[in-house]
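Visitor: Kindly return the folded structure for what I paste below:
(one chain, ligands or ions: 1)
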Amino acid sequence: MSNTQVLIVGAGPTGLVLALNLARHGVSFRIIDKNSGPGQASRAMVVHARTLEFYRQLGFGDEVVSLGIPMEAVHFREGNEEVAKLDFKDNGAGLSPYPFALCFPQDDHERFLVAKLAEASVAIEWNTELKEFIDDGSHVQATLEKDGSEETVQADYLCGCDGARSRVRQTLGFDFPGGTYDQDFYVADVKVANGENRDLIINVGSHTFVLMLPVHSTGMQRLIGIVPPELAGQTNVTFEQIQPSAEKMIDTTVEQVHWFSTYHVHHRVASHFRAGRIFIAGDAGHIHSPAGGQGMNTGIGDAVNLSWKLAHVLQGRIDPSVLDTYEEERIKFARTLVATTDRAFEAMVGEGVGSQIFRTWLLPHVLPFLTGFSAVRQTMFSAVSQTRINYHGSALSQGHAGDLQGGDRLPWTPAPATDNFAPLSALDWQIHIYGAPTPDLRAAASDLGLPIQEFPWTDAAEHAGLEKDAFYLVRPDGYVALASAHQDIEPLKAYAAKFAFQP
Ligand SMILES: Cc1cc2nc3c(=O)[nH]c(=O)nc-3n(C[C@H](O)[C@H](O)[C@H](O)COP(=O)(O)OP(=O)(O)OC[C@H]3O[C@@H](n4cnc5c(N)ncnc54)[C@H](O)[C@@H]3O)c2cc1C
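Guide: The predicted model follows:
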């Protein structure tokens, strides 16, 4: 029997990002996948700003951007005509070093993450399937099968990043409540007549929906849509059957089809994300409509949240109770996300009065007017980029200073202020001060082994909602743990004692 600290089941985006973070934290782990290599189907197309910010902490945010296409505009069409064009480029200017959504297909993305793991000397164990496991209270015993041979592994923790049909979730007996959309969806990679389109094109109508976006590495376009109602429920629907309506909706001719598939879409969130020494993350815990481009990004967010907690518990740097905050923080967001993507999707394709108002009035007349205001563009960016996710109410979130409270994402202070995200590459706890620390705070931070990152007080810091001379204790994943307007050291000491902090 072999031993490891963490067994990661599944090398999709969630498992890969968990592995990269654990590797950076120096944790020993194994990562297995029953497939023979990275996914070939490029499902998720959009990488949002918060994911790029996490990648920047790992040192490769800019590299990922250079491999994709930042989305510049969204064209809304209804029937055969364009009803609105919204500029998307730099909507999040001043809010994030990555003020856009990036088109970067999931298959390229997974290969990139696999290569990054190889650079960290981590090999994924392909063709290796988790068969069963038990948690005996002090370890997890897992049975793996490879090439017909079985192996037993003993791990301190097991992470099920094993996708929507997760064996880990099923074995734990977690419910997966929710539903399935009535519509059948299709996905296709196609070459279109009028060259390379770099924008997002969305056509919505009652019971119709198609979106088109660019696939950089192949020069193809990705189509995601609803199978027309007259073909719904049929087996073996072909692209040729969909082509006439799809071409009208995207206003171009499809010259070549690279691949095509139909699928059902579910919207579900598991009843729990943790049982004892076992966690689930990514699609194993939540699935929903691909329309918002949120699924993969949410799984990556789960992985980032879980990784530092596992690492610091395994290294004896923090109290194991911190592991409870993983489910508390992530399940809340997953439930909100599934409900909102559900409502947004219904608003777009439903036939009720609300949907008709959305399509015939809001979309063509109101949205373009509103997006003339930078505040509205920034609100739209915050809503989709996952930069607005917060962990208010978590056991780890305390205090407030300026516009921020414990659980908020540390806001970015753009140039000409000093880049306050640069020190987050340490992937460790740190204190941020926008002004000057007191000698008492310096002494307390030094006793606790917490580095202080000092930044000058600037308009950008004020605009970001920070408060002059306040201190912000920042978690390894870039969220504010504790905020204190007056540099009170007692709350800091109490926080460190509560979670048994060790440098
Ligand atoms: C058409 C489509 C379009 C989408 N578009 C977007 C988008 O634009 N943006 C977005 O964010 N999301 C999108 N999504 C969702 C996105 O693809 C998923 O959220 C993402 O793949 C989830 O990653 P994961 O790592 O959690 O799971 P998966 O990618 O499903 O990976 C799970 C892995 O676990 C392995 N595995 C399973 N069981 C076992 C076992 N017993 N033993 C060993 N290995 C096992 C599997 O082989 C697989 O490799 C889209 C999905 C679809 C279908």
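Visitor: And Pro244, which helix or strand is it part of?
Guide: Here Pro244, judged by DSSP states H and E, is contained in helix 239-250.
Visitor: err, Ile431, not the other one
Guide: In this assignment (DSSP H and E), Ile431 forms part of strand 430-434.
Visitor: picking up where we left off before, how far off centre is the helix holding Pro244?
Guide: Offset of helix 239-250 from its chain centre (Cα atoms, centre = their mean, to the nearest Å): 31 Å.
Visitor: Quick check: what element follows that helix along the chain?
Guide: Using DSSP H and E, the helix or strand that follows helix 239-250 in sequence is strand 254-269.
Visitor: For that following strand, the averaged confidence score.
Guide: Mean pLDDT, computed over strand 254-269, is 90.
Visitor: Between strand 430-434 and whatever helix or strand comes next after the strand holding Ile431, find me the angle.
Guide: Downstream of strand 430-434, the first helix or strand assigned by DSSP H and E is helix 439-448. Helix 439-448 and strand 430-434 are oriented at 160 degrees to each other (axes from the mean of the first three to the mean of the last three Cα atoms, to 10 degrees).
Visitor: of all of the stretch 151-300 of the chain, which residue lies closest to the ligand?
Guide: Residue of the stretch 151-300 of the chain nearest the ligand, by Cβ to the nearest ligand atom: Gly282 (2.3 Å). For every residue, glycine as well, the C-beta is placed using N, CA and C.
Visitor: how close does that residue get to Gly10?
Guide: 7 Å (Cβ to Cβ, to the nearest Å).
Visitor: what's the offset of the helix or strand where Val384 lies from the middle of its chain?
Guide: Using DSSP H and E, Val384 sits within helix 374-385. Here helix 374-385 is found 17 Å from its chain centre; the criterion is Cα atoms, centre = their mean.
Visitor: got it, and stretch 411-422?
Guide: 22 Å.
Visitor: again, but for stretch 232-242
Guide: 32 Å.
Visitor: For that stretch, the averaged confidence score.
Guide: For stretch 232-242, the per-residue pLDDT averages 87.
Visitor: Mind listing what's buried along that stretch?
Guide: Within stretch 232-242, the residues that count as buried by 16 or more other Cβ atoms under 10 Å are 237, 239, 241-242.
Visitor: Could you work out the most separated pair of those residues?
Guide: Spanning the widest gap among the buried residues of stretch 232-242 are Val237 and Phe239, at 8.3 Å by Cβ to Cβ.
Visitor: who touches both of those two?
Guide: Residues within reach of Val237 and of Phe239 at once, by Cβ atoms under 8 Å, 6 or more residues apart in numbering, are Tyr186.
Visitor: Contacts only, for Asn91.
Guide: Residues near Asn91 by Cβ under 8 Å, 6+ apart: 99-100, 377-378, 380-381.
Visitor: ok but it is inside a strand, no?
Guide: No. Applying DSSP: H, G, I helix; E, B strand; the rest coil, one finds Asn91 to be coil, outside a strand.
Visitor: So it versus the ligand, what's the distance?
Guide: Here the distance between Asn91 and the ligand works out to 17 Å (Cβ to the nearest ligand atom, to the nearest Å).
Visitor: Next, give phi and psi for the most centrally placed residue in the chain.
Guide: For the chain, the residue whose C-alpha lies nearest the mean C-alpha position (Cα atoms, centre = their mean) is Asn297; its distance is 2.1 Å. For Asn297, the backbone dihedrals (degrees, to the nearest 10) come out as phi -60, psi -40.
Visitor: Spell out which residues sit in contact with it, please.
Guide: Asn297 touches 44, 46-48, 50-51, 386, counting by Cβ under 8 Å, 6+ apart.
Visitor: Ok, Thr253 next?
Guide: 192-193, 247.
Visitor: now with 10 Å?
Guide: 190-194, 243, 247 (Cβ atoms under 10 Å, 6 or more residues apart in numbering).
Visitor: Inside strands: which ones of those?
Guide: Mapping the contacts of Thr253 onto strands (DSSP state E) picks out 190-192.
Visitor: can you redo the residues you listed as a markdown table with neighbour count?
Guide: Shown next, in a markdown table, are the ones in strands among the contacts of Thr253 (neighbours: other Cβ atoms under 10 Å):
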| residue | neighbour count |
| --- | --- |
| Val190 | 24 |
| Lys191 | 16 |
| Val192 | 19 |
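Visitor: for those residues, which one is nearest Ala339?
Guide: Val190 (32.4 Å).
Visitor: beta partners of the nearest residue to that closest one once chain neighbours are set aside?
Guide: Leaving out its chain neighbours, the residue that sits closest to Val190 by Cβ to Cβ, 6 or more residues apart in numbering is Val254, at 4.7 Å. According to DSSP bridges, the residues that bridge with Val254 are Val192.
Visitor: In contact with Val254, which residues?
Guide: For Val254, the contact set (Cβ under 10 Å, 6+ apart) comprises 188, 190-193, 221, 223, 239-240, 242-243, 246-247.
Visitor: Any figure for the gap between it and Val168?
Guide: For Val254, the distance to Val168 (Cβ to Cβ) stands at 40 Å.
Visitor: Tell me which residues touch the residue of the stretch 1-150 of the chain found nearest the ligand, please.
Guide: Here the stretch 1-150 of the chain gets closest to the ligand at one residue, Gly12, 2.3 Å apart by Cβ to the nearest ligand atom. By Cβ under 10 Å, 6+ apart, Gly12 lies in contact with 33, 35, 38-39, 43-44, 106, 110, 113, 161-163, 282-284, 296, 299.
Visitor: ok, 6 Å please
Guide: For Gly12, the contact set (Cβ atoms under 6 Å, 6 or more residues apart in numbering) is empty.
Visitor: Would you tell me what the next helix or strand after the helix or strand where Ile202 lies is?
Guide: Using DSSP H and E, Ile202 sits within strand 200-205. Moving toward the C-terminus from strand 200-205, the next helix or strand (DSSP H and E) is strand 208-215.
Visitor: can you dump the C-alpha coordinates of that next one into PDB?
Guide: Extracted in PDB, the C-alpha atoms of strand 208-215 (Å, rounded to 0.1, in the frame of the first residue of the first chain):
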ATOM      1  CA  THR A 208     -34.000  29.500 -29.800                       C
ATOM      2  CA  PHE A 209     -30.500  30.300 -28.700                       C
ATOM      3  CA  VAL A 210     -27.200  30.200 -30.400                       C
ATOM      4  CA  LEU A 211     -23.900  31.800 -29.500                       C
ATOM      5  CA  MET A 212     -20.700  31.900 -31.600                       C
ATOM      6  CA  LEU A 213     -17.200  32.700 -30.400                       C
ATOM      7  CA  PRO A 214     -13.700  32.300 -31.800                       C
ATOM      8  CA  VAL A 215     -11.400  29.300 -31.200                       C
END
